[in-house]
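**Q** predicted structure and sequence below. I'll ask about it afterward.
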Amino acid sequence: MKHMTLYWGKEVTLLIGSWKTHSWISYLLTLLACFLISAFYQFLQDRRLRFKALASSSATSIHAPLISTHGRRARGFATALLFGLNSAIGYLLMLAVMSFNGGIFVAVILGLSLGYFMFRAGDEEIVAVDNPCACA
């Protein structure tokens, strides 16, 4: 039976039917995996924003039209690839939290928080805003 409210317990099915925990060891390993993937999500977000800032600053220094066009496409492709990977991980984390297990929820939040602290807390100098609207 699927839970539709937050519950606490070691038995959880996460993302796919074959990822089930029945013991405390498997549950703790699942929590560790969620924690590490959440921190990795923040790491990828940091790398993507730094790459985008670097690409936008180097694009203004290049004046040769052929090099500029080819380089822009390569940078755009790499940025899009990082964005897609980051989005996929974000959606998987959201689906993991939607298992409604309290431990999974806490592990994801702690992983995101620690990842933000480790990788993105000093990002005040790196601002790469596509759209100034907060809802975009």
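**A** Received, thanks. Predicted model only: the values in this text are computed from it and were never measured. Residues are numbered from 1 along each chain as shown.
**Q** CA atoms for contacts and neighbours, from now on please.
**A** Will do.
**Q** what comes up buried for stretch 42-56?
**A** By neighbour count on 16 or more other C-alpha atoms under 10 Å, the buried set for stretch 42-56 is 42-53, 55.
**Q** return the item of those having minimum pLDDT.
**A** Ranked by pLDDT, the buried residues of stretch 42-56 bottom out at residue 55 (71).
**Q** surely it and residue 77 touch.
**A** No. Look at residue 55 against residue 77 with C-alpha atoms under 8 Å: they stay out of range, at 11.4 Å.
**Q** name the residues contacting each of the two.
**A** Contact with both residue 55 and residue 77 is made by no residue, according to C-alpha atoms under 8 Å, 6 or more residues apart in numbering.
**Q** sorry, back to before: okay if I get the buried residues of stretch 42-56 as a markdown table plus secondary structure?
**A** Below are the buried residues of stretch 42-56 laid out as a markdown table (DSSP: H, G, I helix; E, B strand; the rest coil):
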| residue | secondary structure |
| --- | --- |
| 42 | helix |
| 43 | helix |
| 44 | helix |
| 45 | helix |
| 46 | helix |
| 47 | helix |
| 48 | helix |
| 49 | helix |
| 50 | helix |
| 51 | helix |
| 52 | helix |
| 53 | helix |
| 55 | helix |
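**Q** could the residues you listed go into JSON lines alongside distance to residue 14?
**A** Below are these laid out as JSON lines (distance: C-alpha to C-alpha, whole Å):
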{"residue": "42", "distance to residue 14": "21"}
{"residue": "43", "distance to residue 14": "23"}
{"residue": "44", "distance to residue 14": "22"}
{"residue": "45", "distance to residue 14": "24"}
{"residue": "46", "distance to residue 14": "26"}
{"residue": "47", "distance to residue 14": "27"}
{"residue": "48", "distance to residue 14": "27"}
{"residue": "49", "distance to residue 14": "30"}
{"residue": "50", "distance to residue 14": "32"}
{"residue": "51", "distance to residue 14": "32"}
{"residue": "52", "distance to residue 14": "33"}
{"residue": "53", "distance to residue 14": "36"}
{"residue": "55", "distance to residue 14": "37"}
